[in-house]
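Visitor: fold the following.
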Amino acid sequence: MFSLLNRSLFMGGIVARRQSFRQLPRMARRGGWHTDRVSSEDPRAEAARPTDSPFRHENRLRDEAPQFVLPLVVRIEKAEPPARTDALETSARAVLEILDDERSTGEGEWARAMRDWQDARIRKVVRRARGAEWRRASALPGITVTGRRTEVRVFPPVPLDGWPKELAKLQVSGTDLDDPEPPAAPDPEAPVLWLNPELDMSAGKAMAQTGHGAQLAWWELSEAERKAWRTAGYRLSVRTADPAHWRALTDSGLPVVRDAGFTEIAPGKTLVVEGGSRFCPLPRRRRP
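Guide: The predicted structure is shown next:
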């Protein structure tokens, strides 16, 4: 369906590049809150991969296509805000949930919107809600994903200028969250989304980045690998990388998310996805 020689992908407005599984030139996806490039190298056979990633043959067509955004809303109550790491992990799993939902594939009710979103420049936007705002947002079609103390609702893609009024009035700013104590060591059996230790991102910005990383990991997997991860509840960890190991991670051939630098931070690498020993296997083992 799609040529291996010219697979294009955009996240958040700027093109993302990756190596094809057969070392042919290939663009990878860029998403979220103005994300730039995503890249990875994987020597496994293309035949083992799913064929549901909708790529365009021409970048021009992607620019000319109707533009969509994937909305995510995090519940932040004044009295009990969620912990930062919990929110970042929950937003990543929310993206996986909607990618894998039966309504998003085949002839499902969200399938057309999901295809159109991925055929254009991929964007994700995280907004916050509480109280009545959250209740109104929860009444819209979508999926609510719960973490330890975090609730994130992900919605099918909407046109850039066609947000439902219940979501359009929600605030993007104000998603600054903290961890009450340092996160535990990451789960060695599940993938880790390593954040760039040199960046200072708001929780909302970082949530969009973890969503991009989870999406990249999903695209790398065979159907059998996806099924195993699904059965395990999309186990994953989000941690900030050790500064001494960040360069090695970015040079390892693992999927890398880059930000275009339109908001909060300068252009550059924001996140690396490393596979787990049991779920979401990706090339290269986790570094200490």
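
Visitor: how about the strands in the stretch 51-200 of the chain?
Guide: With DSSP state E, counting those that start in this stretch as the criterion, the stretch 51-200 of the chain has strands at 68-75, 121-122, 124-129, 143-146, 151-154, 158-159, 192-195.

Visitor: okay but residue 73 is in contact with residue 127, surely?
Guide: Yes. Counting by Cβ atoms under 8 Å, residue 73 does reach residue 127; the two are 5.2 Å apart. For the C-beta atoms, the positions are set from N, CA and C on the backbone; glycine is no exception.

Visitor: torsion angles phi and psi at the closest residue to residue 280 other than its chain neighbours?
Guide: Leaving aside its sequence neighbours, residue 280 sits nearest to residue 191 (Cβ to Cβ, 6 or more residues apart in numbering; 4.1 Å). Backbone geometry at residue 191, expressed as degrees, to the nearest 10, gives phi -70, psi 150.

Visitor: what pLDDT, on average, does stretch 102-119 get?
Guide: For stretch 102-119, mean pLDDT rounds to 95.

Visitor: buried residues of that stretch, list them for me.
Guide: Within stretch 102-119, the residues scored as buried using 16 or more other Cβ atoms under 10 Å are 103, 104, 110, 111, 113, 114, 115, 116, 117, 118, 119.

Visitor: swap in stretch 200-213?
Guide: 201-213.

Visitor: also stretch 153-160?
Guide: Buried, per 16+ other Cβ under 10 Å, within stretch 153-160: 153, 154, 155, 156, 157, 158.

Visitor: the closest residue to residue 96 other than its chain neighbours and residue 171, how far apart?
Guide: Closest residue to residue 96 apart from its sequence neighbours, by Cβ to Cβ, 6+ apart: residue 234 at 4.6 Å. Counting by Cβ to Cβ, to the nearest Å, the gap from residue 234 to residue 171 is 27 Å.

Visitor: more crowded one of these two?
Guide: Neighbour tally, residue 234 and residue 171, criterion other Cβ atoms under 10 Å: the higher count belongs to residue 234, 25 against 12.

Visitor: can you confirm the more buried one is in a strand?
Guide: No. Using DSSP: H, G, I helix; E, B strand; the rest coil, the assignment for residue 234 is coil, not a strand.

Visitor: residues contacting it?
Guide: Counting by Cβ atoms under 8 Å, 6 or more residues apart in numbering, residue 234 makes contact with 92, 93, 96, 97, 214.

Visitor: thinking again about what came up before, which neighbours do residue 73 and residue 127 have in common?
Guide: Joint contacts of residue 73 and residue 127 (Cβ under 8 Å, 6+ apart) are 167, 170.

Visitor: mind putting the buried residues of stretch 153-160 into TSV with pLDDT and distance to residue 244?
Guide: Output for these, formatted as TSV (pLDDT from 0 to 100; distance: Cβ to Cβ, whole Å):
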residue	pLDDT	distance to residue 244
153	98	37
154	98	35
155	98	39
156	98	41
157	97	39
158	96	42
